[in-house]
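Engineer: Dropping a prediction and its sequence here:
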Amino acid sequence: MNLVRFFEELSTHPSTALAVVVALSAAAYLLARYGLAHWILRLAHRTVNQADDIIVSHVHPYRLAWLAPLAVVYASARFFPDQQQVMAKAALFLILWISAISLIALLSAINALYESRSDYSGVSIAGYLDMGKISVLAVALVLSISMITGKSPTALLAGLGAVAAVLMLIFQSTILALVASVQISANGLMKEGDFVEVPSYDAVGVVDNINLHTIRVRNSDMTYSTIPTHKMLDVSFRNWRGMTESGARRIQRAILLDQLSIGFCSIETLRRLQKVDLIAEWAADKIAQLAAYAETHGDAYDLPLDGPQVTNLEVFRTYTVAYLRSRLDIHAEGLPFLVRTLAPTPSGLPLELYVFAKTTEWVTYEEIQAQIFEHLLAAAPTFDLRVFQEPSGLDFQRWQGRA
């Protein structure tokens with residue numbers, strides 16, 4: 001008996017056909033699971049490349065092994081004329097959804113592969129992949145309804161126009177998130193790894209994850225803030241990526257000096273300060289200018305208002321510039337470099353530093369800033385300057401004792 005005759009005989013013997021179908025389905029499943037799927041898993045574990053491990057962990061070959069017996073059932077449905085339609089639709093339905101789930105898992109694997117690259121820059125593609133997942137689910141849903149109702153997918157899609165308004169209302173948040181996700185990615189407004197400030201959501205920290213519906217920010221205190229993706233286009237936020245990419249971080253801070261301690265420097269004072277190496281040449285030049293003016297004008301020379309006046313604040317400001325330029329961790333060229341006095345205040349005269357450190361790492365930056373101001377606060381008395389601070393009870397006690 002040839003194979004064609006055998007299958008024709010099966011159509012007239014349902015019990016025999018059922019036994020054959022069950023046996024073939026079991027054999028197909030065992031072969032697919034313990035043969036092909038097991039071989040794929042072993043091969044993935046043996047390779048050095050991590051890409052196949054990520055794909056296997058998401059797609060699950062053992063789940064795909066169920067496609068083999070379902071394909072056998074679908075092909076064997078004709079042996080059971082009375083149940084053929086039900087068996088074929090059930091098998092196709094399961095094949096469809098196993099394939100859809102596996103395809104969605106593959107998209108997740110693609111995202112994991114993309115973010116695991118060594119050159120990953122933080123530009124997320126999760127929003128686009130989420131769009132793909134929604135499309136896969138929509139196609140699977142339409143095909144499922146088509147199989148159940150017996151109507152063509154084209155007719156179903158044509159009928160969706162009548163409920164488009166309802167769908168727009170139901171999926172309003174998803175549509176807004178989809179548009180926002182595309183705009184954020186296309187315009188480079190934000191990417192994973194960026195340090196951002198979003199005052200409206202009390203979020204200050206690193207962008208940890210960007211997906212279709214939410215943006216998760218890991219705050220500096222190790223808490224998380226979750227922001228709806230579409231809301232990022234409606235609120236103002238600050239992205240510190242530019243600072244990170246520049247490799248420099250701004251130092252803008254002032255020392256408050258007691259204005260009563262500011263005065264003119266005599267030649268003797270300048271000679272004392274000339275011993276400071278960083279301003280030795282500058283002080284020598286000023287001393288020479290004062291001496292030349294005194295020699296030229298003789299008895300008419302009247303300190304301190306005549307001649308090229310020099311204040312202790314000017315000397316200290318010059319020393320601050322020289323000190324900052326001597327530090328290898330401060331940008332002396334190419335970026336703004338400024339030491340200036342601001343408008344006097346009731347709390348003193350601010351001497352502000354506006355410079356850039358050669359680092360963006362927070363701890364290192366704070367260490368550089370601390371070293372600079374610790375040094376300047378300690379150096380100010382050398383220039384006969386007093387740092388201003390609000391008087392405390394101990395100050396009043398000292399003044400009372402002197403009185």
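Structural biologist: Structure's in. What do you need? Residues are numbered from 1 along each chain as shown.

Engineer: which strands and helices sit next to whatever helix or strand Ile101 lives in?
Structural biologist: According to DSSP states H and E, Ile101 maps onto helix 84-115. With contacts defined as 3 or more C-beta pairs under 8 Å, 6 or more residues apart in numbering; DSSP states H and E, helix 84-115 has these neighbours: helix 51-59, helix 61-64, helix 67-76, helix 126-149. Placement of C-beta: from N, CA and C, glycine included.

Engineer: Let me have these in CSV, adding mean pLDDT and mean neighbour count as columns.
Structural biologist: Listed next are those as CSV, based on pLDDT from 0 to 100; neighbours: other C-beta atoms under 10 Å:
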stretch, mean pLDDT, mean neighbour count
helix 51-59, 77, 17
helix 61-64, 79, 16
helix 67-76, 80, 19
helix 126-149, 78, 16
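
Engineer: Leu212 against His230, yeah?
Structural biologist: No - between Leu212 and His230 there is no contact under C-beta atoms under 8 Å: 9.9 Å.

Engineer: So for those two, which residues contact both of them?
Structural biologist: Ala177 (C-beta atoms under 8 Å, 6 or more residues apart in numbering).

Engineer: what are the C-alpha coordinates of the helix or strand containing Ile368, in CSV please?
Structural biologist: Taking DSSP H and E as the criterion, Ile368 maps to helix 362-379. The C-alpha coordinates for helix 362-379 follow below in CSV (Å, rounded to 0.1, in the frame of the first residue of the first chain):
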residue,chain,number,x,y,z
TRP,A,362,30.7,65.2,40.3
VAL,A,363,33.0,64.2,43.1
THR,A,364,36.2,65.3,41.4
TYR,A,365,34.6,68.6,40.4
GLU,A,366,33.5,69.3,44.0
GLU,A,367,37.0,68.4,45.2
ILE,A,368,38.6,70.9,42.8
GLN,A,369,36.1,73.6,43.8
ALA,A,370,36.7,73.0,47.5
GLN,A,371,40.6,73.1,47.1
ILE,A,372,40.3,76.5,45.2
PHE,A,373,38.2,78.3,47.8
GLU,A,374,39.9,76.8,50.8
HIS,A,375,43.1,78.1,49.4
LEU,A,376,41.8,81.6,48.6
LEU,A,377,40.0,81.9,52.0
ALA,A,378,43.3,81.1,53.7
ALA,A,379,45.3,83.4,51.4
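
Engineer: Please name every helix or strand in contact with it.
Structural biologist: So helix 362-379, by 3+ C-beta pairs under 8 Å, 6+ apart, packs with strand 249-257, helix 312-326, strand 349-357.

Engineer: right, and the helices and strands packed on helix 84-115 - which one's nearest Val235?
Structural biologist: Closest approach to Val235 among the helices and strands packed on helix 84-115 (C-beta to C-beta): helix 126-149, 18.3 Å.

Engineer: low-scoring pLDDT stretches of the stretch 251-400 of the chain, where are they?
Structural biologist: For the stretch 251-400 of the chain, the stretches with pLDDT under 70 are 298-307, 392-400.

Engineer: what's near enough to touch the residue nearest to Lys89 when sequence neighbours are not counted?
Structural biologist: In this structure, Lys89 finds its nearest non-sequential neighbour in Met147, 5.3 Å apart by C-beta to C-beta, 6 or more residues apart in numbering. Contacts for Met147 were tallied using C-beta under 8 Å, 6+ apart; they are Lys89, Leu92, Phe93, Leu96.

Engineer: Contacts for the helix holding Ile368, please.
Structural biologist: 249, 251, 253, 255, 316, 319-320, 323-324, 327, 329-330, 353, 357, 359, 387.

Engineer: If Phe195 is in a bridge, with which residues?
Structural biologist: Val206 (DSSP bridges).

Engineer: Please look at it and Gly205 and confirm they touch.
Structural biologist: Yes - applying C-beta under 8 Å as the test, Phe195 and Gly205 come out as touching, 6.9 Å apart.
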